[in-house]
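Undergrad: From the sequence below, what's the structure:
(chains A, B, C, D, E and F)
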There are 4 protein chains.
Amino acid sequence: MDPKERREMILDKAKKLFAEKGYHQTQISDIIREAGIARGTIYQYFKNKDDLFVRLLEKYYEKWESTVSLERDMNLAAVDPVDYFRLRIHRTLEFFAGDPDISRIYLRMGLGLHQELEAVIKKFEERIMDMIAADLSLGIRNGHVRPDLDLALAANLLAGALLRTAYYYFGTGREPPRDLEEASRKISAILSPGIFNPA
Amino acid sequence: MDPKERREMILDKAKKLFAEKGYHQTQISDIIREAGIARGTIYQYFKNKDDLFVRLLEKYYEKWESTVSLERDMNLAAVDPVDYFRLRIHRTLEFFAGDPDISRIYLRMGLGLHQELEAVIKKFEERIMDMIAADLSLGIRNGHVRPDLDLALAANLLAGALLRTAYYYFGTGREPPRDLEEASRKISAILSPGIFNPA
Amino acid sequence: MDPKERREMILDKAKKLFAEKGYHQTQISDIIREAGIARGTIYQYFKNKDDLFVRLLEKYYEKWESTVSLERDMNLAAVDPVDYFRLRIHRTLEFFAGDPDISRIYLRMGLGLHQELEAVIKKFEERIMDMIAADLSLGIRNGHVRPDLDLALAANLLAGALLRTAYYYFGTGREPPRDLEEASRKISAILSPGIFNPA
Amino acid sequence: MDPKERREMILDKAKKLFAEKGYHQTQISDIIREAGIARGTIYQYFKNKDDLFVRLLEKYYEKWESTVSLERDMNLAAVDPVDYFRLRIHRTLEFFAGDPDISRIYLRMGLGLHQELEAVIKKFEERIMDMIAADLSLGIRNGHVRPDLDLALAANLLAGALLRTAYYYFGTGREPPRDLEEASRKISAILSPGIFNPA
DNA sequence: CATGAATGAGTTTTCATTCAT
DNA sequence: GATGAATGAAAACTCATTCAT
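TA: As a prediction, this is how the structure comes out:
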């Protein structure tokens, strides 16, 4: 097997394992077994386990970038911006649909913890989703929320949006916004129109 | 110190450390040092490291639930649903603002990897954000996107929403949607109205 | 066993092994087997293998210092300087006689290489000694060298003196002496009087 | 390049590296990089790393032997024995001066340990030298020791002589001398005359 | 309950050597 | 002879957990 191919093969096996078991739970032993190579061989292609992981992220980051950026070729002036937005969403979904492992890795689910702990986390997340979905469902019954809303989808969109923003505001060491009232208003202004019926 | 108090104290020190260094990087040694207790003592309060971590998640999950759920007391019939939505967002922000450690832990940033790896991930995430923000900025210049949009905020909301949904669809082992076209349309229908100027 | 005692015990077993097999050939596994402790235990007493070795050197350096320095208490004014010199030599011999392992470690014989290589080195050294001894023997027969000279002893003294000086001059990065002629004269002036018959 | 030349070239590069970093710290990778040859090639010239090292020692041992032995040609009957002694010392110094790497290798400084450990050892050795030099210095002030003595030189000669003898007596597995008193007297008898003023 | 010395399974990484090309 | 990718035995070190005091 030529070296380039072998390198890719190792990355591929590693990807699968990292997605499945996470970074810490995936051992070099697992990777070499899966790849059918000797212990030392992996260190000829990658400096160490970290390096291997970083190369993996890099590779798929670049893949993502080129996948999603394809529409750069399009005639932006001619296309409807909302269509363009939808197309980008589509491309992103396609990217992850085509490689579920990567979505697992990038979205951290496979990164951190061993299965038991992951399970606990998932339970919590589901409860949060349920709560949001319940709210939306109530809203539909009360005639406030668009009746054709896909509840699970909307719950995920909202939770994802909100949690990431909370992390961005409070978890990264940035100066958090002084006026949470105003921040909430801005967030609501972005998310409400697609959720609620027009007044 | 009475046992209950000590237990809470340990949880508190552990929370700080988990938020700072992540689950794997935080060692029992760190926790006992920080808590000023003996190595064996921690096992008097928690079955093991995992148990300690799960108790932590549980505790703050419950705190979050009660914080965010306060408005259950409100007269839902009387309050405008969009105001209610905004209020929930506000409460959520307050919860995380009041305990940034928790946002770090819950949002996984502190969970998985050691600093160097985290840094690589962050770099990628920033590039993704930048790309989204650039798109939005272009949209504003072209008159398609609401001109008062907070770019960084919107980029986080969109990225968070989309990535979580991708994970929900493709990373959790659920049956993914057959028609990605339709999924994109539904996502766009929810997110676009708050982003773009009305046609 | 109390911790202090155990630490000393480990140092003691390690000393024996380092003297026997050298630093690199002595493995942590050897030490813990010899000491009858668990793998992790040794790391409670020493940061790592290097640290263990350095502590060992330190310990015996201090021991040497106090052994050899005892005569500091003596009334220097009253004692004959040559006697004093002889006493110091005596003390040094006693120190090493009392702990041959240490002489092996300090004198580097046990430090570096595995047995086979050591053997090669020793062969060379013996040839050097022989050559010196042959010279001296010839000198005795010719009536130039003190007839009561202990040949092996003198050969060791001369070789040790000369090699160390060569290393001091040329192997340590110091500015070497410009005039080797003069250096030789000075060395000879020190070593000859004890070797040769008075003219 | 012809095979013989190449072999010498490899030995030469290896010598430099062994002197610099010691046997264990010098890796085959270092040698082939320095020599500009392929990994496998070195095994065409030497059976293994040990063999390479032994050949190196052999080569320079022979060089030393022929350098130092040149005076065998001299008319021994005609030359003053002390001059002869001085000449030999001179030749030895010249040999090592001409190839400091070899002095480093032979004198073990480069053999054994990595830099940090070497540094610790050197510190101890310097302290020993200092102690000897201090003694000598005191002797000069008191009028016992020859006032023109080169202190550093004398300290090295004495330390070298004594340590090697200690090793010879106690570190090599030989039957050590029963009477250390007598051994000290013999050593002193050899070393004193060149150090002290005649009574 | 509290303590902390002891444990040992588990993991990464190194590096001399081989051998098919 | 030369090459360099592949090998795998070997070694140091980690760290959650236990248990006698």
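Undergrad: To what extent is A:D150 buried, counted in neighbours?
TA: The number of residues packed near A:D150 is 17, by other CB atoms under 10 Å in any protein chain shown. Where you see a C-beta, it was placed from the backbone N, CA and C, and this is true even at glycine.
Undergrad: Pick out the residue in chain A sitting closest to chain D.
TA: Residue of chain A nearest chain D, by CB to the nearest CB: A:Q44 (11.7 Å).
Undergrad: residues contacting the residue nearest to A:N197 when sequence neighbours are not counted?
TA: Excluding the flanking residues, the one nearest A:N197 by CB to CB, 6 or more residues apart in numbering or on different chains is A:R146, at 5.8 Å. When contacts are counted by CB atoms under 8 Å, 6 or more residues apart in numbering or on different chains, A:R146 touches A:140, A:194-197.
Undergrad: before we move on, what about A:A189?
TA: By CB under 8 Å, 6+ apart, the contact list for A:A189 reads B:G194.
Undergrad: Go through the helix or strand hosting it and flag the buried ones.
TA: A:A189 is part of helix A:180-195 when elements are defined by DSSP states H and E. Buried residues in helix A:180-195, counted by 16 or more other CB atoms under 10 Å in any protein chain shown: A:180, A:183-184, A:186-195.
Undergrad: how far away is the closest residue to A:L180 other than its chain neighbours from B:A133?
TA: Excluding the flanking residues, the one nearest A:L180 by CB to CB, 6+ apart is B:L93, at 4.9 Å. Relative to B:A133, B:L93 is positioned 21 Å away (CB to CB, to the nearest Å).
Undergrad: Between these two, point out the one with more neighbours.
TA: Using other CB under 10 Å, the more surrounded residue of B:L93 and B:A133 is B:L93, with 23 against 19.
Undergrad: if I look at A:F46, how far off is C:A152?
TA: Remark: distance between A:F46 and C:A152 (CB to CB) = 57 Å.
Undergrad: of the two, who's got more company?
TA: Neighbour count, other CB under 10 Å: between A:F46 and C:A152, A:F46 has more, with 20 against 17.
Undergrad: hang on, isn't A:M1 packed against A:M9?
TA: Yes: look at A:M1 against A:M9 with CB atoms under 8 Å: they come within range, at 7.2 Å.
Undergrad: which of the two has more neighbours?
TA: A:M9 (16 against 9).
Undergrad: Any regions of chain A where pLDDT drops low?
TA: Chain A contains residues with pLDDT under 70 at A:70-82, A:107-122, A:124-125, A:199.
Undergrad: which stretches of it form helices?
TA: Assigned by DSSP state H, the helices in chain A fall at A:3-21, A:28-35, A:42-45, A:49-68, A:81-98, A:100-106, A:115-141, A:151-166, A:180-195.
Undergrad: Is it possible to get JSON lines of the contacts of A:R146 that adds distance to B:R39?
TA: Output for these, formatted as JSON lines (distance: CB to CB, whole Å):
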{"residue": "A:I140", "distance to B:R39": "54"}
{"residue": "A:G194", "distance to B:R39": "53"}
{"residue": "A:I195", "distance to B:R39": "51"}
{"residue": "A:F196", "distance to B:R39": "55"}
{"residue": "A:N197", "distance to B:R39": "59"}
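Undergrad: Need the max-distance pair from the residues you listed.
TA: The largest separation in the contacts of A:R146, counting by CB to CB, is between A:I140 and A:G194 at 14.0 Å.
Undergrad: Please list all residues in contact with the closest residue to A:L158 other than its chain neighbours.
TA: Setting aside the residues directly before and after it, A:L158 is nearest to A:I132 in space (CB to CB, 6+ apart), at 5.6 Å. A:I132 is in contact with A:154-155, A:158-159, counting by CB under 8 Å, 6+ apart.
Undergrad: what do you get for A:Y45?
TA: Counting by CB under 8 Å, 6+ apart, A:Y45 touches A:3, A:6-7, A:10, A:52.
Undergrad: Would you list the buried entries among those?
TA: For the contacts of A:Y45, buried by 16+ other CB under 10 Å: A:10, A:52.
Undergrad: which bits of chain A sit near DNA strand F?
TA: Within chain A, the positions adjacent to DNA strand F are A:1, A:3, A:6, A:37-41, A:43-45 by CB under 7 Å from any atom of the strand.
Undergrad: one more time with 6 Å
TA: A:3, A:6, A:37-41, A:44 (CB under 6 Å from any atom of the strand).
Undergrad: Taking the residues you listed together, which two end up most distant?
TA: A:P3 and A:R39 (17.7 Å).
Undergrad: Any residue of stretch A:45-53 touching DNA strand E?
TA: Yes: against DNA strand E, stretch A:45-53 shows contacts by CB under 6 Å from any atom of the strand at A:48-49.
Undergrad: next one: stretch A:8-17
TA: No: among the residues of stretch A:8-17, none lie within reach of DNA strand E under CB under 6 Å from any atom of the strand; the closest is 10.6 Å away.
Undergrad: hang on, A:A161 packs against B:G160?
TA: Yes: the criterion here is CB under 8 Å, and A:A161 meets it with B:G160 at 4.5 Å.
Undergrad: For those two, work out which one has more neighbours and name it.
TA: Per other CB under 10 Å, whichever of A:A161 and B:G160 has more neighbours is A:A161, with 27 against 24.
Undergrad: I'd like to know how far that one sits from DNA strand E.
TA: According to CB to the nearest atom of the strand, to the nearest Å, A:A161 stands 35 Å off from DNA strand E.
Undergrad: Give me the nearest residue to A:G139, chain neighbours excluded.
TA: A:V145 (3.3 Å).
Undergrad: could you list every residue that touches the one you found?
TA: A:136, A:139, A:195-197, B:81.
Undergrad: Which single one of those residues is nearest to C:I31?
TA: Distance to C:I31, by CB to CB, is smallest for A:L136 among these, at 65.6 Å.
Undergrad: Give me the neighbour count for that closest one.
TA: 23.
Undergrad: again, but for A:K4
TA: 9.
Undergrad: my read: A:A154 touches B:L191, true?
TA: No: under the criterion of CB under 8 Å, A:A154 makes no contact with B:L191, lying 10.2 Å away.
Undergrad: hang on, A:F46 packs against A:R55?
TA: Yes: the pair A:F46 / A:R55 is scored as a contact, 6.5 Å apart, by CB under 8 Å.
Undergrad: coming back round to it: and the residue nearest to A:N197, how far from A:R6?
TA: Taking CB to CB, one finds A:R146 at 52 Å from A:R6.
Undergrad: how much space is there between the nearest residue to A:P100 once chain neighbours are set aside and C:Y84?
TA: In space, and not counting its chain neighbours, A:P100 is closest to B:F170: 4.4 Å by CB to CB, 6+ apart. In this view, B:F170 and C:Y84 are 87 Å apart by CB to CB.
Undergrad: the more surrounded of those two?
TA: Neighbours were tallied for B:F170 and for C:Y84 using other CB under 10 Å; the higher tally belongs to B:F170 (23 against 18).
Undergrad: picking up where we left off before, of the contacts of A:R146, closest to B:P100?
TA: Closest to B:P100, out of all of the contacts of A:R146 and judged by CB to CB, is A:I195, at 27.6 Å.
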